[in-house]
Every structure is written in C-alpha cells, then in structure tokens.
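Colleague: how would this look folded up:
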Amino acid sequence: MLIALILACMLPEIILLAADFGLMGSPRWRPLAYQYGAFWAGLLHGWRPNFAAQPITMFLTHAFLHTGPLHLIGNMLALAALGQAILERHGAGRFLLVYIAAALGGGAAFGLLSYSAVPMVGASGAIFGLAGAQLVWRWQDQLAAGLRRLQSLAELCGGMVGLVVINLLMWWIQGGLVAWQTHLGGTLIGAIVAALRPVQRPILANIRS
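Modeller: Got it, this is the predicted structure:
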C-alpha cells in the first residue's frame, strides 16, 4: 500500500517533468496541471472555478502534485519513513484514514488562513498529519504502559512544538514559500484522528521515536 501511494505521488511529477523537457506532451502540461489540480485558496473566496467540482476535488488532488523533483523526493522520503512505521504498528486502515484526513485538513487550513493567489501543491500536509498521529499514538502507548500522565503529556507537547519548529525552519529556509497553514492543519487533523481511533492493544516494544 505504501509503495502504491508513493507511486501515485511520483507518477504525475514524472509525466510533468518529461513534458517540461519535451520528451512527451507539451511544457504547458505543468501549468495546466496546477490550474486544474492545485489548491487555490481563491476558489473558497469567490474565484470562478475551471469546472464545477474543482473547489471540492482540489482538497485531495493538491496532495498528488509537486513543484519539482526535489519537492517530490523530500516528501516521499518522509512518507516512506513515517508510513512504514505506522503501517507496521497500526495497520493499513489507520494509515489511510490519517493520510486522507490530514490531506483534506491541510487543504482546509490553507483555504481558511491564506488569501494567497499562488497555488498550493504537495503531500506535506498529509505527511505532517502522519507525524501528528504518531505522536498521539506514542502518548497513548506510554499511558497504557504506566508512564506518569504528566511526563507523557510533556513529551507529547514537546513533540508538537518540535513539528512547529520544523515548519518554521522550512518556511524561513525557503523564503516564505512553504505553506505553513497546510502543515499546521495536517498536523492537527492527524492528531485528532489518532485520538479518536486509539490503539487497542499497545505494545511498548514497538514505540518509535
């Protein structure tokens, strides 16, 4: 499942990259892909869509488009690391639920908090959601294993702060061209979904840092 998801994210970029270099199609494919598949905050604030369902479909399609190979590779490395850990520990159902919910939540946060005319693309909102969920599940495991409630809560809060710091660093390094709203929304939704779908039989030996 993880491999299939990674391939689904890679395929659009491979096709668009080939089009960029004139190996197939047209260099116009990339701007067209963004025009029809990226998340445009303006579509939630009165802009006219290219097709009737676009203000709905963009909540998911944006997560399968990237700005280029470096953006794609960075996201896929993070997805592979987090996804494998979650699949092994929590199964395909929870993994897919968190991933899709975080992708939708990341788009929603971008739409609510941004009035940018620049389109938003990338799987990072969903990936931050996986990270948020993993922190919550780790906290649940620690409580079930008898760790003191205050100590486990402090670790959970520390992990969340760490994700915020990572987000701020990415925003600063890339000159403000990072959709921090998407990362924030994805993280929060991932954590909420994990809290609503707790682990039934925690195994302390499988806790991951």
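
Colleague: Could you use CA atoms for every contact and neighbour count after this?
Modeller: Fine.

Colleague: Give me the pLDDT value at residue 8.
Modeller: On the pLDDT scale, residue 8 is placed at 95.

Colleague: and the lengthiest helix in the chain, what's its mean pLDDT?
Modeller: When the chain is scanned for its longest helix (criterion: DSSP state H), the result is helix 69-113. Helix 69-113 carries an average pLDDT of 91.

Colleague: Could you name the helices and strands sitting against the helix or strand that it is followed by?
Modeller: Moving toward the C-terminus from helix 69-113, the next helix or strand (DSSP states H and E) is helix 124-144. When contacts are defined as 3 or more C-alpha pairs under 8 Å, 6 or more residues apart in numbering; DSSP states H and E, helix 124-144 packs onto helix 69-113, helix 149-173, helix 180-196.

Colleague: Which of the ones you listed sits closest to residue 132?
Modeller: helix 180-196 (4.7 Å; C-alpha to C-alpha).

Colleague: Give the other helices and strands that the closest one contacts.
Modeller: helix 69-113, helix 124-144, helix 149-173.

Colleague: Helix or strand with the lowest mean pLDDT in this protein?
Modeller: helix 149-173 (a mean of 67; mean pLDDT, DSSP states H and E).

Colleague: any idea which residue sits dead centre in the chain?
Modeller: Compute the mean C-alpha point of the chain, and by C-alpha atoms, centre = their mean the closest residue is residue 126, 1.8 Å away.

Colleague: Quick check: that one touching residue 99?
Modeller: Yes: using C-alpha atoms under 8 Å, residue 126 is in contact with residue 99, at 5.1 Å.

Colleague: Could you tell me which residues touch both of these two?
Modeller: Jointly contacting residue 126 and residue 99 under the rule C-alpha atoms under 8 Å, 6 or more residues apart in numbering are residue 190.

Colleague: number of nearby residues for residue 117?
Modeller: 10 (other C-alpha atoms under 10 Å).

Colleague: For the closest residue to it other than its chain neighbours, which three-state class applies?
Modeller: Excluding its sequence neighbours, the residue lying closest to residue 117 (C-alpha to C-alpha, 6 or more residues apart in numbering) is residue 42, at 6.7 Å. Classification of residue 42 by DSSP: H, G, I helix; E, B strand; the rest coil places it in helix.
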